[in-house]
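Chemist: Structure of the sequence below:
(2 chains)
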Amino acid sequence: MKKFPPTLHLLVTLVWMVVSLYMIFLYAPQEATMGEVQRIFYQHVPAGLTSFIAYFVVFLGSVIYLWKRTKFADDLAYAAAEVGLVFCTCVLVTGPLWAKPAWGIWWTWDARLTSTFVLWLLFIAYLMLRTHLINPGRAEVLGAVMGIIGFVDVIVDYMAIRWWRTQHPQPVFMGGSGSGIDPKMKLTFLVSWGAFLCLFWYLMRQRMALLGAQRELGWLRRQLARRDS
Amino acid sequence: MGNNFLFAAYALVWIIFMVYAWNISRRMTQLRKDLEELKRNRQST
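Modeler: Numbers count the residues shown, from 1 in each chain, chains lettered A, B, ... in the order given. Reported below is the predicted structural model:
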């Protein structure tokens, strides 16, 4: 299979984003209770689900790294943590901007919001650990252990609105009887999430390419230093 | 009132993505410069 060129990937992502914006503002019907502000849903929820996927990639990369010790798995986990932090930040930015007009408050420490905040801190902690531990091999192993343990928070975060009564609304998808949305809203949501996933994949590719290039440069420097000494 | 929150949410999400994409691109440019410099230094010695 031929490799999907990054420029084409970026173009597809941008077109997909424009289509999703068209659907969000011109195709999806206005929600009866909250009005226009409900359209934040089409960015807030896809960003949240994408950050779950990002942490799942961190978890997967960490497990494979501890098992096989491959650089690819480590790069995958590192890149997913950085890109995941970006998406999680979007969740924490759009959430309060939706909460204020809908609930009358910017933030509350309920189970869903708190576990999402913890997820954001986990992404930061993972990246700090990887950046500041310079002992070769140790940072990768400790990062992988943290990547695996931290996955518990993703499960808690996902299940929080199913296990407990929270200020955050109950799930609209796979939430049992009484859940679900208008078909046009559902289609718009799926297109928007697809655009987010395409962007996630593009950013992951770019970040992994950067990690590979950084490693190559480091190796080259070490080789030259050895030859010169 | 609600439209202001909607506009702010969409604008901020796009700003976050653009800043991150710019940051990756800047790091890649720096890396290419370092590689070129390394090659130049090697050739001059």
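Chemist: hey, let's count contacts and neighbours off CA atoms from now on
Modeler: Noted.
Chemist: Give me every residue in chain B lying close to chain A.
Modeler: Within reach of chain A by C-alpha under 8 Å from any C-alpha of the partner chain, chain B has these residues: B:2-3, B:5-6, B:8-10, B:12-13, B:16-17, B:20-21, B:24, B:27-28, B:31, B:35, B:38.
Chemist: Out of those residues, which end up buried?
Modeler: B:2, B:5-6, B:9-10, B:13, B:16-17, B:20, B:24, B:28, B:31, B:35 (16 or more other C-alpha atoms under 10 Å in any protein chain shown).
Chemist: which residues of chain B fall in helices?
Modeler: B:2-44 (DSSP state H).
Chemist: sorry, back to before: would you convert the buried ones among the residues of chain B next to chain A into CSV that also reports pLDDT?
Modeler: As requested, these are exported to CSV (pLDDT from 0 to 100):
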residue, pLDDT
B:Gly2, 66
B:Phe5, 95
B:Leu6, 95
B:Ala9, 96
B:Tyr10, 96
B:Val13, 96
B:Ile16, 97
B:Phe17, 96
B:Tyr20, 96
B:Ile24, 94
B:Met28, 92
B:Leu31, 92
B:Leu35, 86
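Chemist: Out of those residues, which is nearest to A:Met23?
Modeler: Comparing those against A:Met23 with C-alpha to C-alpha places B:Tyr10 closest, at 14.1 Å.
Chemist: Do you have the helices of chain A handy? List them.
Modeler: A:6-22, A:41-68, A:71-103, A:111-132, A:138-149, A:151-163, A:183-228.
Chemist: What count of nearby residues applies to A:Ser115?
Modeler: 19 (other C-alpha atoms under 10 Å in any protein chain shown).
Chemist: What sits closest to it if chain neighbours are left out?
Modeler: Spatial nearest neighbour of A:Ser115, excluding adjacent residues (C-alpha to C-alpha, 6 or more residues apart in numbering or on different chains): A:Asp157 at 5.1 Å.
Chemist: So the one you found sits against A:Thr116, correct?
Modeler: Yes. Contact criterion C-alpha atoms under 8 Å: A:Asp157 and A:Thr116 qualify, at 6.1 Å.
Chemist: Between these two, which has more neighbouring residues?
Modeler: A:Thr116 (24 against 21).
Chemist: if I pick the more buried one, what's in contact with it?
Modeler: Counting by C-alpha atoms under 8 Å, 6 or more residues apart in numbering or on different chains, A:Thr116 makes contact with A:88, A:92, A:157.
Chemist: How about A:Ile24?
Modeler: A:Ile24 neighbours (C-alpha under 8 Å, 6+ apart): A:39, A:42, A:188.
Chemist: Check the residues you listed against chain B and report the nearest one.
Modeler: A:Arg39 (7.1 Å; C-alpha to the nearest C-alpha).
Chemist: Contacts only, for A:Ala144.
Modeler: Listed by C-alpha under 8 Å, 6+ apart, the contact set of A:Ala144 reads A:59, A:61-63, A:65-66, A:74, A:77.
Chemist: This completes my enquiry, with thanks.
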